[in-house]
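the following block contains a protein sequence and its predicted model.
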Amino acid sequence: MKIYIIGTMGSGKTTLANKLSKKLNINHYELDDIYWKRKYDLKRTNLECEKRLEKISKKKKWIIEGVYSKWIEPGIKESDMVVWLDPPFFKLVYRIIFRKLKRRKRKGFVDKWDDVFLMIKNNYGYVNAKHDKAEDNWGSKTRTQQRELIHKHKIKHVFLKNNKEIKDFLKAI
C-alpha cells in the first residue's frame with residue numbers, strides 16, 4: 001500500500017501519517033526531510049528533491065506526507081491513494097499558533113512571528129483556492145497543482161475535513 005497525504009501547513013499530515021504508519025506497519029516519510037538538507041536552514045534543489053522522492057516512491061509500500069507541489073509528481077503518480085486533509089481555516093490558524101508557542105520551548109529552534117503570519121497568509125490562499133486557475137499566492141498555486149496531479153494520474157483520493165472523518169478513515173483502513 002502506498003499512501004500520499006497532502007494538505008496545507010497545520011492540517012494534521014504528520015499526525016495522520018504517524019498513526020497510519022503504526023497501524024499498518026509501513027514506513028512514513030516527510031517531504032520536509034527531503035526538501036531540507038539542514039532543517040529549516042539549508043534547502044535542496046527541486047531536482048535533488050525529485051530524485052530522492054522518486055527513490056522512495058519505488059518502494060513496495062510507504063506513507064509520504066507533505067505540502068510541496070513542484071517536485072512531488074513521482075510520489076503522487078506511484079501512490080495507491082491520496083488522503084487530502086482539508087480542515088477549516090480557523091483550525092489551521094489555531095494549530096500554527098499553537099505550534100509556534102510549543103516550538104519556543106525547544107532549545108536552539110527559532111520560529112519568527114513573521115514566519116507564522118506568512119504561514120497563515122499562505123494557508124488562507126490554500127484553503128480558499130476553489131477555482132482551477134492558480135493565483136500568484138503560494139497557497140492557491142500549491143492546491144491547484146496538487147489537484148491537477150491527482151487528476152492527471154487518476155489517483156483514488158479522499159478529502160478529510162475534520163477529526164470525525166479522520167477517525168472514521170483510520171477505522172476503515
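Okay, I see it.

any idea of the mean pLDDT in the helix or strand where Ile64 lies?
Applying DSSP states H and E as the criterion places Ile64 in strand 62-65. For strand 62-65, the mean per-residue pLDDT is 96.

OK, contacts around the spatially most central residue of the chain?
Note on the chain: the residue nearest the mean C-alpha position is Gly66, at 2.6 Å, using CA atoms, centre = their mean. Neighbouring residues of Gly66 by CB atoms under 8 Å, 6 or more residues apart in numbering: 5-6, 13, 30-32, 34-35, 72. Every C-beta, even on glycine, is put in place using the N, C-alpha and C of the backbone.

mind redoing it with 7 Å?
Neighbouring residues of Gly66 by CB atoms under 7 Å, 6 or more residues apart in numbering: 13, 30-32.

related to what we said a few turns ago, now do the strand holding Ile64: everything it contacts.
2-5, 13-14, 17, 20-21, 26-31, 56, 75.

run the last query once more with 6 Å
For strand 62-65, the surrounding residues in contact (CB atoms under 6 Å, 6 or more residues apart in numbering) are 2-5, 13, 17, 20-21, 26-29, 75.

quickly find the element holding Asn18.
helix 13-24.

oh, I was asking about Gln145
Using DSSP H and E, Gln145 sits within helix 138-152.

hmm, back to that, next structured bit after the strand holding Ile64?
Downstream of strand 62-65, the next assigned helix or strand under DSSP H and E is helix 73-78.

helices and strands around whichever helix or strand comes after that next one, which ones?
Using DSSP H and E, the helix or strand that follows helix 73-78 towards the C-terminus is strand 81-85. With contacts defined as 3 or more CB pairs under 6 Å, 6 or more residues apart in numbering; DSSP states H and E, the packing partners of strand 81-85 are strand 2-6, strand 156-160.

name the nearest residue to His157, sequence neighbours excluded.
Val82 (4.0 Å; CB to CB, 6 or more residues apart in numbering).

pretty sure the one you found contacts Ile5?
No - look at Val82 against Ile5 with CB atoms under 6 Å: they stay out of range, at 7.6 Å.

when these two are compared, which one has more neighbours?
Ile5 (27 against 23; other CB atoms under 10 Å).

my guess is that one meets Met81, correct?
No - look at Ile5 against Met81 with CB under 6 Å: they stay out of range, at 9.4 Å.

right, I'll call it a day here.
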